Each structure stands twice: as C-alpha cells, then as structure tokens.
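Asker: This is a predicted model, with the sequence first.
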Amino acid sequence: MTHQRARAAAAAAVRPGLSLILSTLLVLISVATSANAQTSPRAARRTTANAAAPPAGATAARASQTATVRPRLVLVIVVDQFRADYLERFGDLFAPQGGLRRLARDGAQWTNANYDHMPTYTAPGHATVMTGAWPSETGIIANDWYDRDAGRIVSNASDPEDKPERGRWQLFGGGANERASSPRRLIASTLGDEIRLVNNRSKVIGISSKDRGAILPSGRHANAAYWFSPLTGNMVSTNYYFNELPAWVARYNEARPADKVCGSEWTRLLTGQAAGEYERRAGADAPPWENIATTSDTNTFPHKLPGSPTDADGKCWGMLDYTPFSNDLLVKFAQAAIENEALGSDADTDVLTVSFSANDYVGHRFGPYSQEVMDITLRTDGQIGALLNYVNAKVGLQNTLVAFTADHGVAPIPEHASALGLTGGRIGNTDIMNAARNAVRARFGRKGEDKDSTADYISDTLYNANLFFNTVALKRDGINREEIERVVAEAVLTVPGVNRAFTRTQLETGSISAGDNIGRRVLHGFHPRRSGDVIMVQEPFKYFSEGTFAIPATHGSPYSYDTHVPLIIMGQGVAAGRYAQASTPADIAPTLASILRIQAPSNTVGRVLVEGLSK
C-alpha cells in the first residue's frame, strides 16, 4: 500500500506538466489548421493530388480508398455527323496509336447505340449527350425553330432575353454583325452543372467550331464556352460567362492560328499503294451527285483554302470548317485550355467537352460515301489521338474519364440512293403547303366566297417538317383544333415521299404505341410550347427541301443512318469490351454520374450502362 500511494503521488505531480504540454500541442495544431485553411483551395488540392504514392506495404483499406478516388478530368468528345459504321468501314485503317483505335481497344463500346428522338440534328444531339434527356425534356427541339410568341425563327443558342432591337449579351472576339449566344433555351441541367452544384471549384468548359457544340454540352452553369467565328477567325465567347476573354484566349487569338492555314491544300492522308483504298471503299472522287450544291470549291482532291497566312479574311475562315484543318485548330485550342485552366490538375473533377464540327460540314457537302468523308474520318482518328496523348501527359488517362459519341448520323445523298435503286428523292415544301391549304379550304371554307376565309389558318412557316396553325384565327372562326389537325395530317400524306404525319393531339395525349419506333422518336422530339401542330416524317432516303438551296446530304430522320452513332466510355470504373445491348447517347450522362457518384442531370431519361461498369 505504501508503494501504491507513492506512485499515485508521483502521477499527481506529473499531471500539471502533461496538461501544459497537451494544451501547447492543441494550440499549435489549431494554428497550423488555420494556416492551411487560408491556402488557395486550388493549390491545396493540387498538393494533395501530387502527393507521393503510398509505400508498397500500404494497407488494403488504403488501397481500396485510392481505387474509389474520382477522376480528375471528364473529357467528352463529340464528332459531329459521325456514323457508327465509320468505325467498321475504316477501323482497320486507323493508326496503331490513333485515338479511335485506342478508345475501341481500351474502352467499353456499345455497338447498338441509337438516338431515340427526331429530328436528329446537331443541337438536340449535343443537348442529349450531357443531359441524358430527349428534346421533349431539354427544350432543344432542333437547331432552329419557329417561336410562336416572337413570330420568327429562333436559334437554339440565341438568348430569349437578347432582343434584336437591344442586344444584351456581348460577343468577345466576334464580328460586328455576329450576335452573342447563351444556353438559356436549354431547360435541363447537364452533367457539368451537377458537378458544379456539388463543388463549385470544379471547372466546366465547352469547345467547338459551332456555338451549339460548345454551349449545350457544357450547360447553364459552365465556366466558359468557346467557338469559332468565321467572320474574324477568332475563338469567341460571351459575357454570359465572364466580363472579358481570359488572357490566354486573347493571346491565342493574337497569334492568328486560323490565318496560318489559309492557302493550304487538303490532300488525301493515305498515299502510295494505300491510296487505292479511297476508291475501293468510297468510290470515285467526284460522282455526279456531288454537283448538287453551289460552291466555289471543286468536287475533287486537293481542296485548297482561299488566301494565304498574310492575306487571310472571311473567305478563308468561312471555308475552314469544310476541311480537317478546323479540327486541327480545335485540338490546339483544347490543349491550350487544359494547360491554362489547369484542368484535371487536382482532386476537384473538371469537365472538358470538345465537339469536332468539320466532319459535319464535309459530310453535308460530299455525303457519307465520299472520299472526303473517308479521309476526314481517318484524320479525326489522329486528331483524337493527339488530344488523348496530351491529356495523358498533363493529367494522366488513368485520372481521366473519356466518353466518345456523335450527335447524329447522315443519310446518303438522295440522288446517290436513287442511283442504287433505293427510294431516294426530295420533297418540296411547296407541295406540302399546297396540299394542306387545299384540304383546309375544302373542309372549312365558306361556300360561294370569293376570298379564302381559311387563308390565315396555317402559318406560312414550314420548318423542321412542322406545320403550325394560327390559333388566333382558329379561335376567331370557331374551328375545332383536333379536326383541322386530322384534316391536314391526312392531306400531307397524299404528297409523294411523306411517310407519316402526327398531330399535336396525338402527341400531347400520348396516343403513340410503345412498339411504334418512329412514333416514339417523334414523341421524344416533341415539346408542347416549341413544336408545331402537325409533324411529318419522310420515307427512308428522302429529304424535305427547305428553302431554295438543295443541300447535297443531310440528316434529321428517325432512320438508322441518322440515329446509329458510336458510344464508347473509357477510364476508371469501366470494363473494356464490346457490348451489344441497346443503348442511346442519353445513357452517357447518367452512366458518368454513376461513376462519379453524383446526382444525374435533372431531366435524365437514360439508363446507367451497368453491363459496362467494373464490378
């Protein structure tokens, strides 16, 4: 007992000293924590991201935790008008280290990916990719559409608050007659928006030659969207995002990279004995159906840009998108964005969307079975490869989640299809309008009248195969909307080449069978406030002709040549391989959200592609 008392007394004597030491340590820890809190968040995360790897003897728990770290960069690549079959038609010609070959080898590839909406245009497709939603949910029903309230055609990226008489948004780097653009017509969140809702330190940037290709995938809360101005040769943006162009973009424009390719010739990539592949796989260089369009360019290789590096103007810049040089410039700008914005440099997941537009321009001009489309496809393989190599050097592909797809496909030139015995042809808008108006007058006109009292029942605007009624005139004369819809739908079906016609009443009441693939795709493209009253679908291989310019090749239909696109996801959490399950580009956003462990975008209808995820 005596020894126990002595030990107790000694312990009591030491306690005050220990308390003083512990108090001092707590103060020091508090000061250190406060100092760290005042460090730049970006710098603090960069220090964490670049910390040394754990030793080989790290515990299994630590290894498991490391495996679930989110990717530092999400890279979404969209190639405008890239059909799924291009991967098969030209895949064996891709470079061993090319981007498309790498994606197909190291990624999860869904071979049966189709858009499930109509029209299959650039803006709806780009909106779907990162919202996971159809045009019926995003509000982006076409590239342009008739706005009933405004009484005019509006663009998908035009701002509803930017009135012609008083501009609200300023375009940085653009021409005097160029209007600014914004994502305000998009009524759904994107993957990037959801990432920034969780962590506003993350950066989201969209890049394309087209404004819609940059703006719609990046979303309403993006840090920036940049696109190319054919009037100035600059990469431009607007004060929707910031009050002036970032210094690095200004420096990029001052270097005049677009001017440096003026006067250049686009020649075939394959040379020597391999050059024979062009005719073997794509036919003659200048078939007669390529003569549809009026253009200053020739139908044969080489294709030369106007001007020179010292004599560059709108003639060159306006033709740039019809060559692969446009995609080359886009890769350089994307690399500059990664470097100057420090994308993927820390633990906060950033998003970069890159949309290659030149493939669409070339496809429209020459058609999907041309040597030009074959060549730009082979070059796109190299361009994506250069981008992936740069990302690997700067961020590490092991830290990057990559998605690759297209916004739509393209149909053969109708004259080409007709020459092959298919049902190719062009449907004139005048024939449609005449059939609709004659039927309306026959049913609702007053007998014996000299003046057509029904003349203002149908709007003069026929756009995106949508007919619009003048609701004021119908109400004035007591015309039943459902009846006039039915009369017009039956009338337009008498026009050769019109395959189906759907009424507003059918679509608003959901009177479409789930097994009706065409009807379902029309329904998914219908928005009550923005779509027309009768929507038509052409027969396969036929085009609706809008305006006086006959475009050689186009897209927009619900048929496989327009809907079937590539879908590849590569990176952490993905099991490489080929998957034949039915899928759509609307599945990309919810799948990426699942991998990132964040909320899917607001209007998502796509599914998580669980079959391609790591177990």
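Answerer: That came in fine, so what should we check first?
Asker: Helices of the stretch 201-350 of the chain, residue ranges please.
Answerer: For the stretch 201-350 of the chain, the helices defined by DSSP state H, counting those that start in this stretch occupy 211-218, 247-254, 276-282, 314-319, 325-340.
Asker: cool, and the stretch 451-600 of the chain?
Answerer: Going by DSSP H, counting those that start in this stretch, the stretch 451-600 of the chain shows helices at 471-476, 481-492, 504-508, 517-524, 560-563, 588-596.
Asker: Now mean pLDDT too, for the helices of the stretch 201-350 of the chain, in a markdown table please.
Answerer: Listed next are these as a markdown table, based on pLDDT from 0 to 100:
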| stretch | mean pLDDT |
| --- | --- |
| helix 211-218 | 98 |
| helix 247-254 | 98 |
| helix 276-282 | 97 |
| helix 314-319 | 96 |
| helix 325-340 | 98 |
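Asker: can those helices go into TSV with extra columns for mean neighbour count?
Answerer: For the C-beta atoms, the positions are set from N, CA and C on the backbone; glycine is no exception. Listed next are the helices of the stretch 201-350 of the chain as TSV, based on neighbours: other C-beta atoms under 10 Å:
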stretch	mean neighbour count
helix 211-218	32
helix 247-254	15
helix 276-282	14
helix 314-319	19
helix 325-340	21
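Asker: Now render the helices of the stretch 451-600 of the chain as JSON lines, adding mean pLDDT.
Answerer: Formatted as JSON lines, the helices of the stretch 451-600 of the chain follow (pLDDT from 0 to 100):
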{"stretch": "helix 471-476", "mean pLDDT": "96"}
{"stretch": "helix 481-492", "mean pLDDT": "98"}
{"stretch": "helix 504-508", "mean pLDDT": "97"}
{"stretch": "helix 517-524", "mean pLDDT": "97"}
{"stretch": "helix 560-563", "mean pLDDT": "98"}
{"stretch": "helix 588-596", "mean pLDDT": "98"}
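Asker: and among those, the most buried is which?
Answerer: Scoring the helices of the stretch 451-600 of the chain by mean neighbour count under mean count of other C-beta atoms under 10 Å gives helix 588-596 as the most buried, with a mean of 24.
Asker: Can you show me the CA trace of that one as CSV?
Answerer: This file holds the C-alpha atoms of helix 588-596, laid out as CSV (Å, rounded to 0.1, in the frame of the first residue of the first chain):
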residue,chain,number,x,y,z
ILE,A,588,-23.9,8.7,-71.2
ALA,A,589,-24.7,11.3,-68.6
PRO,A,590,-26.4,9.0,-66.1
THR,A,591,-23.6,6.5,-66.5
LEU,A,592,-20.8,9.1,-66.0
ALA,A,593,-22.8,10.4,-63.0
SER,A,594,-22.9,6.9,-61.5
ILE,A,595,-19.2,6.5,-61.9
LEU,A,596,-18.6,9.9,-60.4
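Asker: Report the angle between it and helix 211-218.
Answerer: 40 degrees (axes from the mean of the first three to the mean of the last three C-alpha atoms, to 10 degrees).
Asker: Residues touching helix 588-596, excluding its own?
Answerer: Here helix 588-596 makes contact (C-beta atoms under 8 Å, 6 or more residues apart in numbering) with 70-71, 74, 76, 129-132, 190-191, 194-195, 349, 401, 403, 405, 567, 569, 571-574, 599-601, 604, 606-609, 612-613.
Asker: give me every residue that touches the nearest residue to Asp311 once chain neighbours are set aside.
Answerer: Spatial nearest neighbour of Asp311, excluding adjacent residues (C-beta to C-beta, 6 or more residues apart in numbering): Cys262 at 7.2 Å. Contact analysis of Cys262 by C-beta under 8 Å, 6+ apart lists 305-309, 311-312, 316-317.
Asker: phi, psi of Cys262?
Answerer: Per-residue torsions, Cys262: phi -60, psi 140 (degrees, to the nearest 10).
Asker: and the contacts of helix 588-596, which of them are in helices?
Answerer: 129-131, 191, 194-195 (DSSP state H).
Asker: host element of the spatially most central residue of the chain?
Answerer: With distances taken as C-alpha atoms, centre = their mean, His126 lies nearest the centre of the chain, 2.6 Å away. Per DSSP states H and E: His126 is located in helix 122-131.
Asker: I'd like to know how far the residue nearest to Tyr252 when sequence neighbours are not counted sits from Arg426.
Answerer: Excluding the flanking residues, the one nearest Tyr252 by C-beta to C-beta, 6+ apart is Ala336, at 5.6 Å. Distance from Ala336 to Arg426, counting by C-beta to C-beta, to the nearest Å: 43 Å.
Asker: picking up where we left off before, want to throw the helices of the stretch 451-600 of the chain into a markdown table with distance to Trp110?
Answerer: Below are these laid out as a markdown table (distance: least, C-beta to C-beta, whole Å):
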| stretch | distance to Trp110 |
| --- | --- |
| helix 471-476 | 43 |
| helix 481-492 | 35 |
| helix 504-508 | 28 |
| helix 517-524 | 18 |
| helix 560-563 | 13 |
| helix 588-596 | 10 |
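Asker: domains for the chain, by residue range?
Answerer: Taking automatic domain parsing as the reference, the chain has its domains at 73-413+560-586, 420-545.
Asker: which of the ones you listed is buried the deepest?
Answerer: Using mean count of other C-beta under 10 Å, the stretch among the domains of the chain with the largest mean neighbour count is domain 73-413+560-586, at a mean of 21.
Asker: Quick one: end-to-end distance for that domain.
Answerer: 20 Å (C-alpha to C-alpha, to the nearest Å).
Asker: Could you report the distance from the nearest residue to Thr505 once chain neighbours are set aside to Arg476?
Answerer: Among residues not flanking Thr505 along the chain, Glu482 sits closest, at 4.9 Å (C-beta to C-beta, 6+ apart). Per C-beta to C-beta, Glu482 is found 17 Å from Arg476.
Asker: Arg212 now?
Answerer: 37 Å.
Asker: Same question for Glu194.
Answerer: 46 Å.
Asker: which other residues reach stretch 497-517?
Answerer: Applying C-beta under 8 Å, 6+ apart, the contact partners of stretch 497-517 are 425-427, 432, 481-482, 485-486, 488-490, 492-493, 518-520, 522-523, 526, 528, 531-540, 542, 558.
Asker: correct me, but Pro368 touches Ala553?
Answerer: Yes. In this structure Pro368 lies within contact range of Ala553 using C-beta atoms under 8 Å: 6.6 Å.
Asker: Mutual contacts of these two, please.
Answerer: Counting by C-beta under 8 Å, 6+ apart, the residues touching both Pro368 and Ala553 are 410-412.
Asker: Tabulate these (a markdown table), appending distance to Glu449, secondary structure and pLDDT.
Answerer: A markdown table is the format used below for the shared contacts of Pro368 and Ala553 (distance: C-beta to C-beta, whole Å; DSSP: H, G, I helix; E, B strand; the rest coil; pLDDT from 0 to 100):
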| residue | distance to Glu449 | secondary structure | pLDDT |
| --- | --- | --- | --- |
| Val410 | 47 | coil | 98 |
| Ala411 | 43 | coil | 98 |
| Pro412 | 47 | coil | 98 |
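Asker: In JSON lines, list those residues along with distance to Tyr86.
Answerer: Below are the shared contacts of Pro368 and Ala553 laid out as JSON lines (distance: C-beta to C-beta, whole Å):
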{"residue": "Val410", "distance to Tyr86": "10"}
{"residue": "Ala411", "distance to Tyr86": "14"}
{"residue": "Pro412", "distance to Tyr86": "14"}
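Asker: Kindly indicate which of the residues you listed lies nearest Pro288.
Answerer: For these, the residue nearest Pro288 by C-beta to C-beta is Pro412; the value is 13.7 Å.
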